[in-house]
Every structure is written in C-alpha cells, then in structure tokens.
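> Return atomic coordinates for the entry below.
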Amino acid sequence: MKRLRVGVLYGGRSGEHEVSLASAAAVIANLDRARYEPIAIRIEKDGRWAIADRPPTAMSAGEVIEQTRLDAARPARSGRAVHLVAHPSAETILSIDRGAGGRNDEGHAVVTGLNLDVIFPVLHGPYGEDGTIQGLLELANVPYVGSGVLASAVGMDKALMKLVFTAKGLPVCNYRVVLRHDWARHRDAIAGELERALGFPIFVKPANLGSSVGISKVKEAAQLAPAIDLAAEFDRKIVIEAAVPEAREIECAVLGNDEPQASVPGEVIPSREFYDYEAKYIEEGSQVIIPADLPAKTAEEIRRLSIDAFRALDCAGMARVDFLLTRPTRKIFVNEVNTIPGFTTISMYSKLWQGSGVTYATLLDRLIELAHQRHAEKQTLRTSIT
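Numbering: from 1, shown residues only. I've put the predicted structure just below:
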C-alpha cells in the first residue's frame, strides 16, 4: 500500500511557537512509518517556511525552551526553503535549494516540487490556529487536519466565541470586551465600568491567544490597569471575565466531523492559583485527573455541552473544550474551545482520549482519515452555476 505523505506543519509566528514544536515532535515520532511518510515543515518566528533538516524531538514546551537555549550557542542550521503553492496543484509545496550544491548550470537556485497527501497543522495561536493557514490550505485545495477557516477564526477569538456560545444558549460567565484603542484613551472610565459590572476577582486575557499567554488574575482595582496593559501587548482586543467562584477546571476532547464524539472529562489541578503558562509547561506539580471525579449526570452534561460547543463553531476533526465548574452548586460554564490543542503524548487532548480507550497512534490515524473525508466531501460541491 502506498504510504501517505503527511506534511507536519509547525512553529509559526506566535507566542505559542515552543508549544507547537513539542506537539510536532510527538506527531512525527508516532506516525506509523508503514502507512505514512512524515515531512517536517517548520515555520520560523519571522514567517519563513522550510523543510526542517533536523525535525523536532523535544516532547514538552519546557524541553523545547531548554533546547532553544542550547541551540543559541551553536552554529545556525537552516533547512531548504519551501513555499506552499496557493492554487490546486500536483506539487503542493516548492522546495528551493539556494546552496552551492543546489544551483543549475546557469547558477539559478534549483526548485523542486513535492506532493503532499495531507497536511497536519500543529500550529498553536495566531497565524496558525486562527484560520489564516486554513485559508491558504483551502486555496491550495489540499486535505488538512482540523477545523476550517470559520471555526478556526472564531475559535481563536474569545470575544466572538462567547457571542456564538451565547446565541446558541450555552452557559458562559459574565464578561466584557475592551479594545486597545479605547483603553489608551479612556483608561479610568473603562476601569471603573469593569469594576462596577464584574467586580473582583476577574481574569484579563488577550482575545486571540492560547496557552494562557498574557493572562492575569486581578483581585483588586490596583492590579487592573497593569493586567490590561499586559494583555494589550499581545492583542488589540482584550477579554475581561468574572471569576467563577471556587472553580474546578474541567476539559473534554472532541473528535469527528459531522458526527463528533466526546471523551471522558478530565480535571486539571494547577500548581499555581490558575493554570497559567508556567503551570502548564514549565513547572512540575500540576495534576491531571482522568476521568474527573464527577457525578455521572454532571460528566454526561459536560460531554453533551462539548459536542454542542464543537457544533456551534462548526468545528471539524478535533477540539478540546474547556469548562469551569463551581464547587458549591456544580454549575457549568463553557470557557473556550481550542481547535488545535496541545498535541504531545502527555497533552490533555491525547490523554483524555487515552482515558477513553483511544491510543495516540489511533488518534493520528483517525484525524488523517477525517481530513480526507472532509476534503472529499468538499470536492462534490458545485463551483459554477453553468
């Protein structure tokens, strides 16, 4: 049987670059070589694409950060520059060799085409999880894993996501949205309105970022302005949410296209006051409990809401849905959907499915199969009225 050539697309122009490298290392290491030929395609922080001459191997963001520190003292190594062909073509990407050994008789760089059967994006955050890459892949008409342009864009923007959830009747906590432009001109008025509307404590977040980058928990008025300033360094749109009292952090994984399935719910007990970047990727001490210790009725409601949230955004392939559950009343709030969640073997998404009886390798097979199914369905659509 012909092996499928899988382009694993990782890195990117995002604050979650290091997390992406860890996800890609796990995907590349666990793709069945009898069925797949992985091609490691790295997007550098400046946006350049290259076929990596040394695919990533570190399986956690902490390891990636340490490896990056070590690599800084070594001579730089660069892979072959590649460009995605932004129209339907048998040559999905063009590889450009500008080295001394890669020039023709006229001295021009040698350009070769490489066909990919499917692309597996493990790009977290802006310019990867937000619909931008998905739009490029749609233009190229190549199958790819995960949600399309719309679901990716809305799933990245916490403000728009909450609007959709509210329209669909899904429970969300009280929140407000502040634009950086308005904050720069009306700081005192906005701060006062937020305090009156939401009280304290509250969470301040960049609207379009993940992995808890730029998030602050604000307990008193004096902390509010610095928290908004920090979030504004990462995005022009800031989401401010009322803290859920005595909240438990519950997560659930979803897999599928038009008939999605939900995993068992799991609980995260952070080593810090909340599950920030350091607690997720750097420090040890955070605990993951799978399945979460929940009454059967509550667990089933979380699974149902996970599928409802997945469908509300018109997601495809995979997503992790995060919840906040109050301890006193067990009231459930849908917090957010991650359309390209962390994808290492120890990431919550894969661990939730492992706890549901689905191995990591099987998960990769299923996601690639779903990508081809969705792509094949699109090819049946009419593109002309004549």
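> mind giving me the domain ranges of this protein?
4-144, 155-170+245-377, 175-242 (automatic domain parsing).
> Pretty sure L160 sits in a helix.
Yes - applying DSSP: H, G, I helix; E, B strand; the rest coil, one finds L160 inside a helix.
> Name the nearest residue to it, sequence neighbours excluded.
V154 (5.0 Å; CB to CB, 6 or more residues apart in numbering). Yep, even glycine has a C-beta here, placed from its N, CA and C like the rest.
> centre of the chain versus stretch 145-154, how much separation?
In terms of CA atoms, centre = their mean, to the nearest Å, the centre of stretch 145-154 is set 10 Å apart from its chain centre.
> just to revisit the earlier point, and of the domains of the chain, who's closest to T386?
With CB to CB as the measure, domain 4-144 is the member of the domains of the chain nearest T386 (19.4 Å).
> Endpoint to endpoint, that closest one covers what distance?
Distance between the two ends of domain 4-144: 13 Å, counting by CA to CA, to the nearest Å.
> What's the mean pLDDT across that domain?
Averaged over domain 4-144, pLDDT sits at 83.
> Now mean neighbour count too, for the domains of the chain, in CSV please.
CSV is the format used below for these (neighbours: other CB atoms under 10 Å):
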stretch, mean neighbour count
domain 4-144, 18
domain 155-170+245-377, 19
domain 175-242, 18
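> how about the ones you listed in a markdown table, adding distance to T386?
Below are the domains of the chain laid out as a markdown table (distance: least, CB to CB, whole Å):
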| stretch | distance to T386 |
| --- | --- |
| domain 4-144 | 19 |
| domain 155-170+245-377 | 22 |
| domain 175-242 | 40 |
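> Let me know which of the ones you listed is the nearest to T383.
domain 4-144 (10.7 Å).
> For the helix or strand harbouring V154, the averaged confidence score.
Counting by DSSP states H and E, the element that carries V154 is helix 149-156. Across helix 149-156, pLDDT averages out at 97.
> buried set for that helix?
Across helix 149-156, burial judged by 16 or more other CB atoms under 10 Å covers V149, A151, S152, A153, V154, G155, M156.
> sorry, back to before: which residues are in contact with the residue nearest to L160?
Shown in contact with V154 (CB atoms under 8 Å, 6 or more residues apart in numbering): L160, M161, V164, L313.
> first vs last residue of stretch 327-337, how far apart are they?
End-to-end span of stretch 327-337 (CA to CA): 22 Å.
> can you give me the helices for the protein?
In the chain, the helices defined using DSSP state H lie at 17-30, 61-71, 132-140, 149-156, 158-167, 180-185, 187-198, 224-232, 277, 296-312, 348-354, 360-379.
> can you redo those helices as JSON lines with distance to P341?
Formatted as JSON lines, the helices of the chain follow (distance: least, CB to CB, whole Å):
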{"stretch": "helix 17-30", "distance to P341": "9"}
{"stretch": "helix 61-71", "distance to P341": "13"}
{"stretch": "helix 132-140", "distance to P341": "16"}
{"stretch": "helix 149-156", "distance to P341": "10"}
{"stretch": "helix 158-167", "distance to P341": "14"}
{"stretch": "helix 180-185", "distance to P341": "27"}
{"stretch": "helix 187-198", "distance to P341": "28"}
{"stretch": "helix 224-232", "distance to P341": "21"}
{"stretch": "helix 277", "distance to P341": "15"}
{"stretch": "helix 296-312", "distance to P341": "12"}
{"stretch": "helix 348-354", "distance to P341": "4"}
{"stretch": "helix 360-379", "distance to P341": "12"}
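> do you know which of those helices lies nearest M318?
Using CB to CB, the nearest of the helices of the chain to M318 is helix 360-379, at 6.0 Å.
> counting contacts, what elements does that closest one pack onto?
helix 17-30, strand 118-121, strand 247-256, strand 317-326, helix 348-354 (3 or more CB pairs under 8 Å, 6 or more residues apart in numbering; DSSP states H and E).
> now for these, which one comes closest to V337?
strand 317-326 (5.2 Å).
> need the contact list for A253.
By CB under 8 Å, 6+ apart, the contact set of A253 is 262-263, 306, 318-321, 341, 348-349, 352-353, 356.
> any chance of these in CSV, plus distance to A191 and pLDDT?
What follows is the contacts of A253, written out as CSV (distance: CB to CB, whole Å; pLDDT from 0 to 100):
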residue, distance to A191, pLDDT
A262, 39, 98
S263, 40, 98
S306, 35, 98
M318, 38, 98
A319, 34, 98
R320, 33, 98
V321, 31, 98
P341, 33, 94
M348, 34, 95
Y349, 37, 97
L352, 38, 98
W353, 43, 98
S356, 44, 98
